[in-house]
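Participant: Sharing a sequence plus its predicted fold:
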Amino acid sequence: MRKSDVACPECKAGYRRIELETAGGAKGEFRCLLCRHLLEVFDGRTNVAIRLTVQPEKTFLSSKPTGDSKRAVIEPLSIFRSIDTPGFQGLGD
């Protein structure tokens, strides 16, 4: 049994590859589960199992952030306010 790691050159997904030389396998091919890029063609001489182990991050921007973008800071909402807080209205007011 041989273990190795395989990475998709297109989307950088990571796979664990296990090959059993003692058992014959099926002929075919394996494509990346995320981008469908052809990763390997099987000739059937060995049994190969491939499992997705590292899924690349999905980003909404097509380019990397430059570092100078401004981000909004969101502070946690406190449900407990003291009477001294400006704008406080009591339950009966």
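Facilitator: Structure's in. What do you need?
Participant: who does Val48 bridge with?
Facilitator: Glu19 (DSSP bridges).
Participant: isn't it right next to Glu19, touching?
Facilitator: Yes. Using CB atoms under 8 Å, Val48 is in contact with Glu19, at 5.0 Å. Bear in mind the C-beta positions are built from the backbone N, C-alpha and C, glycine included.
Participant: what do those two both touch?
Facilitator: Shared contacts of Val48 and Glu19 (CB atoms under 8 Å, 6 or more residues apart in numbering): none.
Participant: any idea which helix or strand carries Phe30?
Facilitator: Following DSSP states H and E, one finds Phe30 within strand 27-31.
Participant: Quickly run through the sheet partners of that strand, with directions.
Facilitator: When DSSP bridges is applied, strand 27-31 pairs with strand 38-43 (antiparallel).
Participant: Check what pLDDT Glu10 gets.
Facilitator: Looking at Glu10, its pLDDT is 93.
Participant: Give me the secondary structure label for it.
Facilitator: Three-state call for Glu10 (DSSP: H, G, I helix; E, B strand; the rest coil): coil.
Participant: For the residue lying closest to it once chain neighbours are set aside, grab phi and psi.
Facilitator: Once flanking residues are discounted, Glu10 sits nearest to His37: 4.2 Å by CB to CB, 6 or more residues apart in numbering. For His37, the backbone dihedrals are phi -70, psi 140 (criterion: degrees, to the nearest 10).
Participant: residues near His37, how many?
Facilitator: 12 (other CB atoms under 10 Å).
Participant: Surely Pro56 and Cys32 touch.
Facilitator: No. When contacts are counted by CB under 8 Å, Pro56 is not listed as touching Cys32 (10.3 Å).
Participant: Common neighbours of these two, please.
Facilitator: Common neighbours of Pro56 and Cys32, using CB under 8 Å, 6+ apart, are 11, 13.
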